[in-house]
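# Got a predicted model here, sequence first, then my questions.
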Number of protein chains: 2
Amino acid sequence: MCAKHFRHKPPTQLDHQQEMLLVVPALKSQVNLARLVRLAGCAGIQKIITAGSDKVDAKIARDGADHVVIEKRRSLIPVLKKLRESAYHIVGLEQTESSEVLYEYSFQKKTALLIGHEGRGISNEELQVVDTCIEIPVYGMPHSYNVVTATTMAVYEYCRQFHG
Amino acid sequence: MCAKHFRHKPPTQLDHQQEMLLVVPALKSQVNLARLVRLAGCAGIQKIITAGSDKVDAKIARDGADHVVIEKRRSLIPVLKKLRESAYHIVGLEQTESSEVLYEYSFQKKTALLIGHEGRGISNEELQVVDTCIEIPVYGMPHSYNVVTATTMAVYEYCRQFHG
């Protein structure tokens, strides 16, 4: 039996600033971008850099829309190169021949997490400027997680490794 | 740099059947149910028991709609009691005064994960028949994860603990 609800619990204070960024291509679905913004807001992620031009739907993103900086860029390749120069480790969330399994992967604190397009995944040009790829095992049908679901798992794993 | 894509990678074979079930109230959003079905399908979760009467949108649930058993029930309380009798550990995903933090929680293999309604969370009557509550730290605005996002994190944590 569980004790009573604790609704609208205040957020947990981190003893550090979250140093993960999300780098997001122009997605097929505007809803997915808005959901990523809410995820980022809750997880304390300060910034999303995206090649998409979609407006963020605040009905879905909630307060995340006011608290997460959304930087829009034409192309992600120069962004990724610049992040690398600023000591970010670029992690691609993609099934490749050399991807590490998320369960066993140790994140670096300064991580830029590159997400793939819903249909095409991460482009080959982008894969060239990625430091590591990670993937999440799938055990059944359909054979791939939704892009927000996969990102949620990676963000959770990052938070789990650096909480407190 | 990452090696080339491995699109449509076949699912990972588990050496056991996934013994987690999802127990889901009548949700406000039909989309959220469909997203849970896709999540369950990918994670190898065989069954969702729900008090909702919504049809599952197969455009969102994908093949999950064909591979996950959806059991519809009028009320979840008798379901939860019966699952308990069948040696399921009932875990409520809810912020309560006694919730354990997901990072530190060790799942039992036979787990029925009870999800809360988007607005009202898990009802007090349901909390009476729950064995443990777990919660996920939130570090920023908005102060709560979307119901599917929170469920995704709990399902990921379960898979992480029992993979291989």
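Yep, that arrived. Numbers count the residues shown, from 1 in each chain, chains lettered A, B, ... in the order given.
# how about the longest helix along chain A, does it reach chain B?
When chain A is parsed with DSSP state H, its longest helix is helix A:147-162. Yes: contact of helix A:147-162 with chain B (Cβ under 8 Å from any Cβ of the partner chain) involves A:148-149, A:152-153, A:156-157, A:159-160. For every residue, glycine as well, the C-beta is placed using N, CA and C.
# which one of those has the most neighbours?
A:Thr152 (27 neighbours; other Cβ atoms under 10 Å in any protein chain shown).
# is it true that it touches B:Thr152?
Yes: using Cβ atoms under 8 Å, A:Thr152 is in contact with B:Thr152, at 4.5 Å.
# Just the strands from chain A, written as ranges.
A:20-24, A:47-50, A:69-72, A:89-93, A:100-101, A:111-114, A:132-135 (DSSP state E).
# hey, which helix or strand in chain A has the poorest pLDDT?
helix A:64-67 (a mean of 88; mean pLDDT, DSSP states H and E).
# wait, doesn't A:Asp54 sit right on A:Gln30?
Yes: if you go by Cβ under 8 Å, A:Asp54 and A:Gln30 touch, sitting 4.4 Å apart.
# can you count the residues close to A:Val23?
Using other Cβ under 10 Å, A:Val23 has 26 other residues around it.
# er, A:Met1 I mean
Neighbour tally, A:Met1, other Cβ under 10 Å: 12.
# ok, now A:Ser106?
A:Ser106 has 7 nearby residues by other Cβ under 10 Å.
# Now it: closest residue in space, sequence neighbours ignored.
Once flanking residues are discounted, A:Ser106 sits nearest to A:Gln161: 6.9 Å by Cβ to Cβ, 6 or more residues apart in numbering or on different chains.
# And the one you found, what's its pLDDT?
With respect to pLDDT, A:Gln161 scores 97.
# burial measure for it, as a count.
As a burial measure, A:Gln161 scores 13 neighbours (other Cβ under 10 Å).
# can you pull the contacts of the closest residue to A:Ala43 other than its chain neighbours?
The shortest distance from A:Ala43 to any residue that is not its chain neighbour, by Cβ to Cβ, 6+ apart, is 5.1 Å, and that residue is A:Val155. Taking Cβ atoms under 8 Å, 6 or more residues apart in numbering or on different chains, we find A:Val155 in contact with A:20, A:22, A:39-40, A:43, A:45, A:113.
# Export these to TSV and append columns for neighbour count and pLDDT.
Below are those laid out as TSV (neighbours: other Cβ atoms under 10 Å in any protein chain shown; pLDDT from 0 to 100):
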residue	neighbour count	pLDDT
A:Met20	25	98
A:Leu22	26	98
A:Leu39	25	97
A:Ala40	27	97
A:Ala43	27	96
A:Ile45	27	97
A:Leu113	23	98
